[in-house]
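A.B. asks: coordinates for the following, if possible.
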Amino acid sequence: VHEGEGMIDARRFVKVRKLRAEGGMAEVYQGDDKQTGEQVIWKQAAPSRKLSLSAKDANKALANEVEVLERLDHPRIPECIDSGYVVNEEGDRVLVLIMEHIEGGSLDDEMKLFVRKRMRQPLDYALGVVKECCEALEYMADLEPPLYHRDIKPHNIMTHPERGVVLIDFGLAKEVAAGSGHSLSGGGHTAGWSPAERERSITGPTTDVYGLGQVLWHMLTNEKAGIFSEDAKSQRIVECGHPEWLVGVVNAATVPDDPDKR
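C.D. replies: Purely as a prediction, here's the structure:
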């Protein structure tokens, strides 16, 4: 999507209500597709004078997600329906991504409920969530060039009541040239869910492995994502009544700051 391209079709799409802010660079709304009568997600670039974030920079960040979603076609990834520009309330020309609305809530919302009630997710369900995340990530990694999500966390995992897991928020997704194990790339990331090497802008397939490992740890134990000793993780997983083989899986996936060991 380039600055010279057209405006969003206001006769077809309408913005209804704000759902949540996302990453400080975009705002997410529920929208309606008047052509089909279905709900959609309206994701709009959000420049900020307070944060010195220009419309050009906000548009560029969202354009990356548009380009990624246009490449992808998988049941565990939202469909990109359209994109274009609108003029916001401040008079800025900002990019809008219209994508499929995913019913259900996020894994983050689910986990907050379980933590509050001091209950843990069933083991089969936790393993199923990770497996279904892997289906989308393996599809992306098999592309040429491969793509990696780079922001795997419960906030970005939707749990559809019938469809199962759907990954969202591809704003940090990154291509890695064939034959390269990792890329040097900046960009935001979420503390705890992202590996330490992201601080040095090193990313690759093991970035998503680390995020999945932290998601599994969180679902198995209700503990927050973070860096813990292998002994501490092992003890907590066993205390929660889970089989010992899971200790090796979690520890291997969440090795801090050493992607070659993941």
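A.B. asks: so which elements touch the helix ranked longest in the chain?
C.D. replies: When the chain is parsed with DSSP state H, its longest helix is helix 123-141. Applying 3 or more CB pairs under 8 Å, 6 or more residues apart in numbering; DSSP states H and E, one finds that helix 123-141 makes contact with strand 147-148, strand 157-160, strand 164-167, helix 205-221. C-beta coordinates here come from the backbone N, C-alpha and C atoms, glycine included.
A.B. asks: what's the average pLDDT for that helix?
C.D. replies: Average pLDDT, helix 123-141: 97.
A.B. asks: could you do stretch 33-49 as well?
C.D. replies: 94.
A.B. asks: can you list the buried residues in it?
C.D. replies: 33, 40-47 (16 or more other CB atoms under 10 Å).
A.B. asks: do stretch 130-143 as well
C.D. replies: Across stretch 130-143, burial judged by 16+ other CB under 10 Å covers 130, 132-134, 136-137, 139-141.
A.B. asks: ditto for stretch 233-242
C.D. replies: 233-234, 236-237, 242.
A.B. asks: what's the answer for stretch 46-65, then?
C.D. replies: Neighbour counts over stretch 46-65 (16+ other CB under 10 Å) mark 46-47, 53, 55, 58-59, 61-65 as buried.
A.B. asks: with secondary structure and distance to residue 251 added, can I get those residues in CSV?
C.D. replies: Shown next, in CSV, are those (DSSP: H, G, I helix; E, B strand; the rest coil; distance: CB to CB, whole Å):
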residue, secondary structure, distance to residue 251
46, coil, 39
47, coil, 42
53, strand, 39
55, helix, 45
58, helix, 39
59, helix, 41
61, helix, 34
62, helix, 37
63, helix, 38
64, helix, 33
65, helix, 32
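A.B. asks: pLDDT of stretch 12-25, averaged?
C.D. replies: Mean predicted confidence for stretch 12-25 is 82.
A.B. asks: next, the buried residues of it.
C.D. replies: 12-13, 15, 22, 25.
A.B. asks: with distance to residue 84 and secondary structure added, can I get those residues in CSV?
C.D. replies: Formatted as CSV, those follow (distance: CB to CB, whole Å; DSSP: H, G, I helix; E, B strand; the rest coil):
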residue, distance to residue 84, secondary structure
12, 10, coil
13, 9, strand
15, 13, strand
22, 19, strand
25, 18, coil
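A.B. asks: no more questions from me, cheers.
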